[in-house]
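Visitor: need a structure here:
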Amino acid sequence: MDPYKLEVGPGAWEEFAIKTLIDKASLGNVDDNNEELINFCAVIEEVLSFRLRAARTWYGSGEPRAFWDYIQQSCHKVPNNCIRSIASLENIKSPIAKGRAWIRCALMEKRLSEYISVALQQTNITRQSYLDGAVMLSDDISTLCGELLGLNAIDFSFCLKGETLDFPSPVMIDYTPYLKFKQSPESIEEDHAELSVLNRNNQSNDSIDGIEIDLHDNNQWEERYKALESKFKLANEQKGYLEELVRRREYQIQETNKQRVTAINTLKQWQVDNKQERSQLETVILELQNQV
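Guide: Presented below is the predicted three-dimensional model:
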């Protein structure tokens, strides 16, 4: 029985990222190197990139595209928007880096919620840009837009440089700060029972990990118990974090395999079409030769 439960609901990561960023801002300035900010931007990037349709070409689906393409299409009508300014930045070239620059610029403008809300109003563009199961097509995204309004009270200031924004995607999100564990009543009872057995069976003085503990001193036992409990919580946090990473990697592998199968089928179809066209051309050439 696992005495600790991981309490995370749908859309909780986004909510936790916003709350931790607001809490951090209340204690001091938030700059480019702030961990809470980096994590928040990574979460928003993940929301906008999750289940994003690949760009279509004449021979089928192409490379996965960046969410910047969607933002450009859906937000260009926002009054006094920063889309054109971001697009014209010469030191930021890749679509991924431009998307990250847009997130930071929208935070400085205090309009990130407004941009995403306007983008969602472009229902046709949104439907064409995302696959079923995307966060952008779920009910949670409306709640997220409301929570993003809380960031408008923060004064952000960033330096938008291409070399600091153009790094590989997806960005690793640190879920550890958002993990919340709660000890079950059954576990608490078991811990008290085990402690009682130790108190009865051991001598008046015992040594645990080199620390002498008086079994009749409840304060020492309580301190030792809290130390062990803290270690156990840390181990469970690490376990939950690693399990989340494994789930994300498994999903990425599944998506990659799907794209591989699609690419193989597209290639086979292209080869069949090419063979048919070649056969038709050879027939035409033979007919022309006969006519000559």
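Visitor: any idea what sits nearest Val47, other than its immediate chain neighbours?
Guide: Distance criterion CB to CB, 6 or more residues apart in numbering; nearest residue to Val47, sequence neighbours excluded, is Val135 at 4.8 Å. Just so you know, the C-beta spots here come from the backbone N, C-alpha and C atoms, and that holds for glycine as well.
Visitor: burial measure for the one you found, as a count.
Guide: 19 (other CB atoms under 10 Å).
Visitor: same check, this time on Val43
Guide: For Val43, the neighbour count with other CB under 10 Å is 23.
Visitor: now do Leu165
Guide: 22.
Visitor: so what's it up against?
Guide: 92, 96-97, 100-101 (CB atoms under 8 Å, 6 or more residues apart in numbering).
Visitor: just those residues now: which is nearest Gln280?
Guide: Nearest to Gln280 among those is Ile96, at 42.3 Å by CB to CB.
Visitor: What does the closest one show for phi and psi?
Guide: When read as degrees, to the nearest 10, the backbone of Ile96 gives phi -60, psi -50.
Visitor: Touching, it and Arg65? I think so.
Guide: No: in this structure, Ile96 is not within contact of Arg65 by CB atoms under 8 Å, at 9.7 Å.
Visitor: Which one's more surrounded, the two?
Guide: Using other CB under 10 Å as the criterion, Ile96 and Arg65 rank with Ile96 on top: 22 against 17.
Visitor: what's the spacing between the more buried one and Glu36?
Guide: As for Ile96, its distance to Glu36 is 22 Å (criterion: CB to CB, to the nearest Å).
Visitor: Next: Glu14.
Guide: 13 Å.
Visitor: Which residue of the two possesses the greater neighbour count?
Guide: Glu14 (22 against 19).
Visitor: What ranges does the stretch 151-292 of the chain have for its helices?
Guide: Taking DSSP state H, counting those that start in this stretch as the criterion, the stretch 151-292 of the chain carries its helices at 162-165, 185-201, 218-291.
Visitor: Rebuild those helices as JSON lines, extending it with mean pLDDT and distance to Leu27.
Guide: Below are these laid out as JSON lines (pLDDT from 0 to 100; distance: least, CB to CB, whole Å):
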{"stretch": "helix 162-165", "mean pLDDT": "65", "distance to Leu27": "24"}
{"stretch": "helix 185-201", "mean pLDDT": "59", "distance to Leu27": "33"}
{"stretch": "helix 218-291", "mean pLDDT": "82", "distance to Leu27": "22"}
